[in-house]
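Chemist: the sequence isn't on hand, but the structure is:
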DNA sequence: GTCTATAGTCGGATAGAC
DNA sequence: GTCTATCCGACTATAGAC
């Protein structure tokens, strides 16, 4: 019932019963929202999946809507934890031939990670689905995700692309170009069902992801070559 | 709008009262399903938007689920009516330098139309949204759309791409490449909300669509150059 | 063919016991 | 903090009047 921290020494890692229920609810909700949509998911299902009771949703999040917002926060944290270090570590290289080559190498690495996470990672499915739904019907949850993920990642990619091509990082053309590159990756998740049928694949695992990465990488290098060649 | 034809001779295109209600329901449903999702839309709303009564849905389509399937059929008809002639008229050119150039010209034209329709056309919004939802959670409606739209269009594009590059039309690489190209276009609809915010646009109209088309066209030409250059 | 009334189900929220 | 019982509203589907 009333769980109290024993006063003996170090506190547990704040995984109180309350916190456990909270995260269990978020994970269950994220999973179900991604799978069946916000409207298609009942709070009863969420509570059942989280092994919690219905009332706890209202208690912890104020209601279903609050739970959605909490999911957005969880997504931002997750992505920042996964992609944050990789992005930050990849300092934008200086100018010159060597810098450009280094920038392209970074892009290659990022593309591979993006395909791996967005397209092939089964665990990411729920996150991607959730975000896609928010994109087509924005709520307050999208604001958090845009500010915490979309904007910084896109800005970062623009900077690296600029370093790889000599273009202006925040030029309209650069921003559009980066969107087009992201689109190549993302479509393999969104159109996954069509891709599977057309390719005769039963799923997108490591093998298939490698094929996709190969094609996209080749495309991006070709585009970079054209952009660079244009200015000289 | 709708031709009022007496049922003398011509097909069932006659707009009897029943047929009128039917199509009004489909259009309303497509709009609302695309906007708020299948689960998020009530039959009451659909009936109200179509100026029909609730019972008529059961009468004409057997229920909400049947209405979804009818929407899929409507989408297939619409797309085939719009894109069908353009696709069919564009016969795959022969081989040789001239044929390849002609194929690229066709691709340019198709890209422009695709961006115009998918990204900028406000009327297409509901169709695109509906299809996206089906893609992420396939029902019987997707089967109809895949067979009637996705498969033929993608196959056609592969053939044209093959004519433009000398590659094999049904090679795994070609199919993936075409998906990547489509992805560049589609993302500007899916990620529209993110694009708008990042670009500082308030909507995607003719001006913005032209910018997008410009970038994507340049990308595709660059990719084609790389693929062609590789084999020689 | 169209409309109304109603049956039957399910969802979100909440009050109150523990 | 957690759980149960319950209210109220909204939904789909259907039967039957017109």
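Modeler: Right, received. Where do you want to start? Computed from a predicted model, the values in this text were never measured in an experiment. Numbering: from 1, shown residues only, chains lettered A, B, ... in the order given.

Chemist: so what's the residue count around the closest residue to residue A:82 other than its chain neighbours?
Modeler: The spatial neighbour of residue A:82 that comes closest, neighbours along the chain excluded (CB to CB, 6 or more residues apart in numbering or on different chains), is residue A:117 at 7.2 Å. Where C-beta positions appear, they are placed from N, C-alpha and C, glycine not excepted. By the measure other CB atoms under 10 Å in any protein chain shown, the count of residues near residue A:117 is 19.

Chemist: quick one: residues contacting residue A:117.
Modeler: Taking CB atoms under 8 Å, 6 or more residues apart in numbering or on different chains as the contact definition, residue A:117 lies against A:82, A:83, A:124.

Chemist: buried residues in the helix or strand containing residue A:162?
Modeler: Element membership for residue A:162, per DSSP states H and E: helix A:151-165. By neighbour count on 16 or more other CB atoms under 10 Å in any protein chain shown, the buried set for helix A:151-165 is A:152-154, A:156-165.

Chemist: report all helices and strands that it contacts.
Modeler: Judged by 3 or more CB pairs under 8 Å, 6 or more residues apart in numbering or on different chains; DSSP states H and E, helix A:151-165 is in contact with helix A:64-89, helix A:96-114, helix A:172-190, helix A:206-231, helix B:192-199.

Chemist: save those as CSV, and put in mean neighbour count, distance to DNA strand D and mean pLDDT too.
Modeler: Below are the helices and strands packed on helix A:151-165 laid out as CSV (neighbours: other CB atoms under 10 Å in any protein chain shown; distance: least, CB to the nearest atom of the strand, whole Å; pLDDT from 0 to 100):
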stretch, mean neighbour count, distance to DNA strand D, mean pLDDT
helix A:64-89, 16, 13, 91
helix A:96-114, 16, 36, 93
helix A:172-190, 23, 26, 98
helix A:206-231, 18, 37, 96
helix B:192-199, 19, 25, 98
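
Chemist: distance to DNA strand C for those - can I get that in CSV?
Modeler: As requested, those are exported to CSV (distance: least, CB to the nearest atom of the strand, whole Å):
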stretch, distance to DNA strand C
helix A:64-89, 4
helix A:96-114, 33
helix A:172-190, 25
helix A:206-231, 35
helix B:192-199, 24
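
Chemist: ok, now how distant is the residue most central in space within chain A from residue A:87?
Modeler: Against the mean C-alpha coordinate of chain A, by CA atoms, centre = their mean, the closest residue is residue A:79 at 5.5 Å. As for residue A:79, its distance to residue A:87 is 10 Å (criterion: CB to CB, to the nearest Å).

Chemist: do the same with residue A:178
Modeler: 14 Å.

Chemist: what's the answer for residue A:200, then?
Modeler: On the measure of CB to CB, residue A:200 and residue A:87 end up 35 Å apart.

Chemist: with residue A:206 instead?
Modeler: On the measure of CB to CB, residue A:206 and residue A:87 end up 23 Å apart.

Chemist: kindly report the same for residue A:100.
Modeler: Residue A:100 is 19 Å from residue A:87, by CB to CB.

Chemist: likewise residue A:103?
Modeler: Taking CB to CB, one finds residue A:103 at 14 Å from residue A:87.

Chemist: tell me the confidence at residue A:133?
Modeler: Here the pLDDT value assigned to residue A:133 is 92.

Chemist: skipping adjacent residues, who's closest to it in space?
Modeler: residue A:37 (6.4 Å).

Chemist: repeat for residue A:180
Modeler: Per CB to CB, 6+ apart, closest to residue A:180 is residue B:184, 4.4 Å.

Chemist: swap in residue A:124?
Modeler: Closest to residue A:124 by CB to CB, 6+ apart is residue A:117, at 5.2 Å.

Chemist: secondary structure element for whichever residue of chain A sits closest to DNA strand D?
Modeler: Residue nearest to DNA strand D within chain A: residue A:55 (3.0 Å; CB to the nearest atom of the strand). Following DSSP H and E, one finds residue A:55 within helix A:54-61.

Chemist: helix, strand, or coil at residue A:201?
Modeler: Classification of residue A:201 using DSSP: H, G, I helix; E, B strand; the rest coil returns coil.

Chemist: buried stuff in stretch A:16-32?
Modeler: A:21, A:22, A:24, A:25, A:26, A:27, A:28, A:29, A:30, A:31, A:32.

Chemist: how about the contacts made by the first one?
Modeler: Spelled out, that is residue A:21. A:50, A:52, A:56, A:60.

Chemist: at contact distance from DNA strand D, anything in the helix or strand hosting residue A:33?
Modeler: Following DSSP H and E, one finds residue A:33 within helix A:17-36. Yes - contact of helix A:17-36 with DNA strand D (CB under 7 Å from any atom of the strand) involves A:17, A:18, A:20, A:21.

Chemist: and after that helix, which helix or strand comes next?
Modeler: That would be, after helix A:17-36 and using DSSP H and E, helix A:43-49.

Chemist: residue A:158 contacts residue A:174, doesn't it?
Modeler: Yes - if you go by CB atoms under 8 Å, residue A:158 and residue A:174 touch, sitting 5.3 Å apart.

Chemist: ok, now how distant is residue A:118 from chain B?
Modeler: For residue A:118, the distance to chain B equals 12 Å [CB to the nearest CB, to the nearest Å].

Chemist: likewise for residue A:43?
Modeler: With CB to the nearest CB as the criterion, residue A:43 and chain B are 14 Å apart.

Chemist: before I go, just wanted to say thanks for your time.
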